[in-house]
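Participant: Kindly return the folded structure for what I paste below:
(2 chains, ligands or ions: 3)
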Amino acid sequence: MQMPPLDPAILARRSEIVAALRAIVPGEGVIDDLEGMRPYECDALSAYRQMPLVVVLPETVAQVSTILSYCQDNKVKVVPRGAGTSLSGGSMPVGDAILLGLGKFNRVLEIDYANRCARVQPGVTNLGISKAVEHEGFYYAPDPSSQIACSIGGNVAENSGGVHCLKYGLTTNNLLGIELVLMTGEVVRLGGKHLDSEGYDLLGVMTGSEGLLGVVTEVTVRLLRKPTTARAVLLGFPTEAGAADCVAAVIASGIIPGGMEMMDKEAVKCAEAYVGAGYPLDAEGLLIVELDGPPVEVDYLVERVAEIARGRGATTVRVSNDEQERVLFWAGRKAAFPAVGQITPDYMCLDGSVPRGRLVEVLAEMREMSKKHRLRVVNVFHAGDGNLHPLILFDANDADELHRAEEFGADILRLCVRVGGVLTGEHGVGIEKRDLMGVQFTEIDLDQQMRLKCAFDPDHLLNPGKVFPQLRRCAELGRVVVHHNKMPFPDIPRF
Amino acid sequence: MQTHFTLAQLADPETARSNDILRKCVHCGFCTATCPTFVLLGDERDSPRGRIYLIKSMIEDDRAPTAKEVRHVDRCLSCLSCMTTCPSGVNYMHLVDHGRHHIEETFTRTLPDRFMRGVLAYLMPRPAAFRWAMVLGRLAKPLAPLLPATSSDPGGATFLRRLRAMLEAVPDKVPTPSPVDRPQVFPALGVQRKRVALMPGCGQQVLAPEVNEATVRLLTRLDIEVVNVAGSGCCGSSVLHVGRNDQAIELAKRNITAWLREIDGAGLDAIVINASGCGTTVKDYGHMLADDPVWAEKAKQVASLAKDVTEIVAEVGLSGIVPRPLTVAYHSACSMQHGQKLDALPKKLLREAGFMVKDVPEGHLCCGWAGTYQVLQPDLSRRLRDRKVANIESVRPDVIAAGNFGCIGNIASGTGIPIAHTVELLDWATGGPKPAALI
Ligand SMILES: Cc1cc2nc3c(=O)[nH]c(=O)nc-3n(C[C@H](O)[C@H](O)[C@H](O)COP(=O)(O)OP(=O)(O)OC[C@H]3O[C@@H](n4cnc5c(N)ncnc54)[C@H](O)[C@@H]3O)c2cc1C
Ligand code: SF4
Ligand code: SF4
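Facilitator: Ligands and ions are numbered 1, 2, ... in the order given. Model (predicted):
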């Protein structure tokens, strides 16, 4: 993966930068030894690794602000990092940039049941929010499969989704406000406990901005009351196409399930070995469909969905008996990616979205590609949203396999765009899909996106080398921001 | 995850196994969230995924670790919460044992650190010496407040800070040795249904002799013959966790020899362990001796017979229950829930015995005891204990139950709520005496 060239001037000033950071963050919070930085060299996309200039783990907003203004003044780049579960390399370090970890921001600050919201620090895990309010019957709806570990700050940065987003929306639909530190060190608040923000929807701009616009230091999210009843149904099909077809049919019939997920045979096998949920091991395609609401409604919907499934050839229809079993049905799905680690040393998890009606053909074509690239592919995905997560299995100790995996991944994403879908459903662009942005967007689109970036970070200091395939001088785009008579990245357009 | 071992390195069976473990890790980070030290410190280096990386790097490069690397591996409690969480089946337990062993072999600790570890490694497996140390410690305990109560280094600690932790862990009264902790046979009260060896343990018989007494009463009442086999003793876990593999292996061999003699003699249906920390280790003897052609099979045989006391009670079933209407907060010891994957069973037995059983919030987090950890990492240990106690108190129990004497002593030091071993409560509910903690 090609990254922007390292700035020798910054590398030469490393010890001075480390000392400056030490003056801001005391104790163990500045990590500059090679051995200590190594655990930070990658996120969950571990095929791509890079040692940072130095790691800093601030504990207060004031420290974050001082660090950023120091970096702005000294033109030092910064990569924000939450829990490091990104699958697109979003928090992968950059060699001449500080890695700014938010792991120490792990406190729930306020729970306001009257206004149905929680105010938390960005390092609190997604599941941690639901855990903090479950005894009162509330929860935070978007539930990425990584929810046990991923941070809410990372969720905001990636606009993460999850199995329940089909009905309840993505992060952006459940976010009420954030506190944000800009590259200048200025602390701003967007939104609050109320719905809709004043003026332009800057909160919307920040959601999904992949750490390119500012560092989130506080998050206010909406809490929902747990549905009175929720039941999950396992639907096993003898063919993948049958399962995919059923997904489209359920949605077309006007039912919006709480979640509707699909796993192929191999994924089912791995997940079953980890949780023992009783998944049908003979099914080529398994759907987990959740229906929630008042009991009568749920009973009715379960029947309707079962009927549609049988009509599409389902051989297994199993409804969860109690809450414990429902949770177990989901536990296997949520652990499915890493569970695939049981059968492969490495996998690359893709994330494209396609219109639901094209699922069948996309799955079939993917199988063909699998033969062409001679690599196995396992499918676990948010079927209801048409959000695919093919896992390409490979062995990173074999350079050729890694290369083939990359090619295969790119082919899949091109296919998604070709059938009218998008490059990323929820994992973000990061470095993984960066060079494919041109498949999706025209130059004009990309320039427009870059102008937005320039408005927040004219020197391209935040999370450089991510998302944009080419760097454009902000000046070129109609805004002259030239500091100290020096252009950032003088040797652009292509790094 | 990618690894870079040479073929020569992989010829070493321990390295080959670690390579297999590392290749299973997909770096998803799920385990970080349930790791007690990451929850407290928020630094990747204090998380399982980070430690896996640290250990990988030191064994891959085959070099002595730096003091900082050692510090972060040292902070690991060996609670194995990460293994419960890991969907990919990464055997962190074996990897960290390798890491600790590597550190022990290649890294020179400071003199006070070596001294403290040496003392612990000497005392822990030897009940007689341990008891004497407790008696002496009892005399010195009033001096504890004069020693530093916190460390400047969170987690690591100075010699004096550790000394204070050591003295604070000394009980106010050192119990007299129990007659059950001598080699002998306890016949079943009725018609014998099973014959088991009771692992005598080391620290537990000094600090909590009532646990073995209750175990013998309960099992014999359930028509199980119990043997305290001559020659069996400490399982070796406390020394294993400070990286002294050789010493641990010696202790394991001693136990295996003793129990095999009994298996080949009058026969054994199981080897019963009532301290779950020891149970995790004995169940793993097969792995510990896997590379020793003489011992591998024997170790496997013994390991396959090892059972937690609740497993054997569940096999024969409880009878003659006199229900005691108390609310019990069940503390699932790490070695129980993560090490041996026994979480539901003890609770089920307590419910069958008539208790109202409550789960504790954040039940997956360690109480901070973790063997020698409470002395070597006193500050982290104390923070975890306080967090555990607050969580337990939030469910307002009449009594706390746990299956590991170390957790019991540790939690008791932070709360006024009585705490007893699961076996003591089961013994009481089936006709035995009321646990001392409840009197
Ligand atoms: C097994 C597995 C399953 C997953 N399943 C899903 C899923 O179902 N749905 C889904 O959407 N994602 C999923 N993900 C991807 C990942 O968990 C999400 O993208 C998550 O939101 C990343 O959060 P994080 O805290 O780990 O962020 P990181 O990986 O640390 O960072 C991700 C990005 O956010 C930025 N960032 C992090 N914190 C901040 C902050 N405070 N301020 C500004 N920028 C910040 C970083 O710079 C980076 O660009 C999965 C990942 C794994 C490993
Ligand atoms: S054993 Fe416990 S303390 Fe050690 S890494 Fe695993 S979860 Fe963390
Ligand atoms: S959960 Fe398992 S696979 Fe994931 S990072 Fe931890 S050890 Fe590795």
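
Participant: nearest spatial neighbour of residue 414, skipping sequence neighbours?
Facilitator: Picking chain A for this. Excluding the flanking residues, the one nearest residue A:414 by Cβ to Cβ, 6 or more residues apart in numbering or on different chains is residue A:439, at 5.6 Å. (Glycine included, C-beta is placed from N, CA and C.)

Participant: You answered for a different chain; I wanted chain B.
Facilitator: Residue B:414's closest residue in space is residue B:389 (Cβ to Cβ, 6+ apart), at 4.2 Å.

Participant: Just the element for that neighbour, please.
Facilitator: If you go by DSSP states H and E, residue B:389 is part of helix B:378-393.

Participant: Each with direction, which strands does whichever helix or strand comes after that helix pair with?
Facilitator: Using DSSP H and E, the helix or strand that follows helix B:378-393 towards the C-terminus is strand B:399-402. Here strand B:399-402 is paired, per DSSP bridges, with strand B:327-331 (parallel), strand B:419-421 (parallel).

Participant: for chain A, which spans come out with low pLDDT?
Facilitator: A:196-197, A:478-495 (pLDDT under 70).

Participant: Show me what the lengthiest helix in it is packed against.
Facilitator: Counting residues, the longest helix in chain A under DSSP state H turns out to be helix A:399-418. When contacts are defined as 3 or more Cβ pairs under 8 Å, 6 or more residues apart in numbering or on different chains; DSSP states H and E, helix A:399-418 packs onto strand A:346-349, strand A:352-353, helix A:359-373, strand A:390-394, helix A:437-440.

Participant: And it, what's buried?
Facilitator: Neighbour-count burial for helix A:399-418, counted by 16 or more other Cβ atoms under 10 Å in any protein chain shown, picks out A:401-402, A:404-406, A:408-410, A:412-413, A:415-417.

Participant: Stretch B:301-317 now?
Facilitator: Neighbour-count burial for stretch B:301-317, counted by 16+ other Cβ under 10 Å, picks out B:302, B:303, B:305, B:306, B:307, B:308, B:309, B:310, B:311, B:312, B:313, B:314.

Participant: number of nearby residues for the closest residue to the third one other than its chain neighbours?
Facilitator: It refers to residue B:305. Ranked by Cβ to Cβ, 6+ apart and with sequence neighbours excluded, the top spatial neighbour of residue B:305 is residue B:271, at 4.8 Å. Neighbours of residue B:271 under the rule other Cβ atoms under 10 Å in any protein chain shown: 26.

Participant: can you check residue A:110 too?
Facilitator: 12.

Participant: next one: phi and psi at the nearest residue to it once chain neighbours are set aside?
Facilitator: With sequence-adjacent residues excluded and distances taken as Cβ to Cβ, 6+ apart, residue A:110 is closest to residue A:119, at 4.2 Å. The phi and psi values for residue A:119, taken as degrees, to the nearest 10, are phi -110, psi 120.

Participant: Quick one: classify the residue nearest the centre of chain A as helix, strand or coil.
Facilitator: With distances taken as Cα atoms, centre = their mean, residue A:427 lies nearest the centre of chain A, 3.2 Å away. Following DSSP: H, G, I helix; E, B strand; the rest coil, we place residue A:427 in the coil state.

Participant: so how far is ligand 2 from the residue nearest to it when sequence neighbours are not counted?
Facilitator: Nearest residue to residue A:427 in three dimensions, chain neighbours excluded: residue A:351, at 3.9 Å (Cβ to Cβ, 6+ apart). Residue A:351 sits 29 Å away from ligand 2, taking Cβ to the nearest ligand atom, to the nearest Å as the criterion.

Participant: try residue A:206
Facilitator: Distance from residue A:206 to ligand 2, counting by Cβ to the nearest ligand atom: 33 Å.

Participant: Doesn't residue A:179 lie inside a strand?
Facilitator: Yes - under three-state DSSP, residue A:179 falls within a strand.

Participant: Okay, and the nearest residue to it once chain neighbours are set aside sits in which element?
Facilitator: Nearest-residue entry for residue A:179: residue A:218, 3.6 Å, with adjacent residues in sequence omitted and distances by Cβ to Cβ, 6+ apart. For residue A:218, the element it lies in under DSSP H and E is strand A:215-222.
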